[in-house]
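In: Dropping a prediction and its sequence here:
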Amino acid sequence: MTAPRKKISKKVAPKPAVTNHGVDHGHESRVDEMSEYDATHQPEAAGWVRPSSLDAPPAQEGMTQRWVRKSIRGADDPKNLNRTWREGWRPRDPSTLPEDWRVFANFADKENGMIVVDDLILMEIDSEILARRKAAIEQQTRNQIRAVEHDLESTQIAGHPIVKEHKSSVTHPGLKVADDE
């Protein structure tokens, strides 16, 4: 006779303590839904900004501002500063910064009352002055164009007019255009 065999019992892992109380919701759990949503709806990546780009606080009302170079490669550039000064640009006073831009006050040249970052100074000008300057430059350009046209008219020979053809074209590398076009 043979000896009876012993039953070998397998250890079974205990079931998780999660219960749905006998209710079939007909869908995955909220955690599963959120995981699936996160996997397919990644947040939009923030736009890349060149690290050399320098933010500036908003301009004061009625003013236009820009960063002006005070030095280049470690050497002062007084010619650039003198030119911008003569145009009417003045350093912006750090005390005029809005509260949420006070971090720029840390970069202030407190002795001279200006905001300096690396080799740049934040300068501003009255927007009205800037508009008048732009209008003056546009008028000067129109005067120069009229002078050139006058010179062309006065130098042309009777019966042989100078033809002024104002035309622009775009060419693309590798793209052939027919001669008659």
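Out: Thanks, I have it.
In: Which stretches in the protein count as helices?
Out: 30-40, 78-87, 127-155 (DSSP state H).
In: So which of those helices is the most surrounded?
Out: Among those, helix 78-87 has the highest mean neighbour count (mean count of other Cβ atoms under 10 Å), at a mean of 13. All C-beta atoms are positioned from the backbone trio N, CA, C, and that covers glycine.
In: What are the contacting residues of that helix?
Out: Here helix 78-87 makes contact (Cβ atoms under 8 Å, 6 or more residues apart in numbering) with Val68, Arg69, Lys70, Ile121, Met123, Ile125, Arg133.
In: thinking again about what came up before, would you reformat the helices of the chain as a markdown table and include distance to Gly113 and mean pLDDT?
Out: Formatted as a markdown table, those follow (distance: least, Cβ to Cβ, whole Å; pLDDT from 0 to 100):
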| stretch | distance to Gly113 | mean pLDDT |
| --- | --- | --- |
| helix 30-40 | 50 | 61 |
| helix 78-87 | 15 | 93 |
| helix 127-155 | 20 | 92 |
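In: Strands along this structure, start to end?
Out: With DSSP state E as the criterion, the chain has strands at 63-69, 71-72, 75-76, 90-91, 108-109, 114-117, 120-126.
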